[in-house]
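*Asks:* here is a sequence together with a model predicted from it:
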Amino acid sequence: EAGVAQSPRYKIIEKRQSVAFWCNPISGHATLYWYQQILGQGPKLLIQFQNNGVVDDSQLPKDRFSAERLKGVDSTLKIQPAKLEDSAVYLCASNGGGYEQYFGPGTRLTVT
Amino acid sequence: SQKIEQNSEALNIQEGKTATLTCNYTNYSPAYLQWYRQDPGRGPVFLLLIRENEKEKRKERLKVTFDTTLKQSLFHITASQPADSATYLCALEEWAVFGKGTKLTVNP
């Protein structure tokens, strides 16, 4: 079984630029999560999808962050415009109905 | 809001000893709590889940306890090995309020 795929693995941008991250969850997993993990911190949930609907986006900075999962499969997270404090690892995870979340390798974003 | 704390940022132990990591939570009564392992440059990997009505859960050399009175979970690795060196995260339930993690280093 293939795991959660994310791309790119690394991205360096200047502040005020835009960036997008892509995630392909494990096949058949209805629930998809995006997390932000700042160095030395635990993952912070940004948004949770159930199929193509948003379950929780209470911690998503909606003035600059957006996410979509149009066909209920893969998902894109976008930041526009980026700030220095957005430098972090962005993790995607999926869940197939059980308790366990399966995480991807993450995208390391550096904003200069 | 829910808050979860892992008391130690780092723990260094000698190979063969038992590592004990602590996770405390406040402002919540979770139905279950999870433990994950995270290696550098990788996403967290699920290890164990313990429910509120379970006192203890074991998996190979791993043991987790859950004390709802103390609002605390303890994570033990017995007969620790250098390969156990990683950051260990605890998380509240499915929507996963994560702690900051404890970086465990097992010295040979």
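*Replies:* Cool, the structure landed. From a predicted model like this one, the values you see are computed outputs, not experimental measurements.
*Asks:* residues near A:E85, how many?
*Replies:* Using other CB atoms under 10 Å in any protein chain shown, A:E85 is surrounded by 10 other residues. For the C-beta atoms, the positions are set from N, CA and C on the backbone; glycine is no exception.
*Asks:* helix/strand/coil for it?
*Replies:* Of the three states, A:E85 takes helix under DSSP: H, G, I helix; E, B strand; the rest coil.
*Asks:* show me what contacts it?
*Replies:* By CB atoms under 8 Å, 6 or more residues apart in numbering or on different chains, the contact list for A:E85 reads A:V111.
*Asks:* so which residues on chain A come close to chain B?
*Replies:* Counting by CB under 8 Å from any CB of the partner chain, the residues of chain A close to chain B are A:4, A:33, A:35, A:40-45, A:48, A:56, A:91, A:93, A:95, A:99-106.
*Asks:* can you rerun that using 10 Å?
*Replies:* Taking CB under 10 Å from any CB of the partner chain as the contact definition, chain A meets chain B at A:3-4, A:6, A:9, A:31, A:33, A:35, A:37-38, A:40-45, A:48, A:55-56, A:58, A:89, A:91-93, A:95, A:98-106, A:108.
*Asks:* list of residues touching the helix or strand of chain B with the lowest mean pLDDT?
*Replies:* Ranking every helix and strand in chain B by mean pLDDT, DSSP states H and E puts strand B:3-6 at the bottom, with a mean of 82. Strand B:3-6 is contacted by residues A:42, B:21-28, B:30, B:33, B:71-73, B:75, B:87-92, B:96-103 when judged by CB atoms under 10 Å, 6 or more residues apart in numbering or on different chains.
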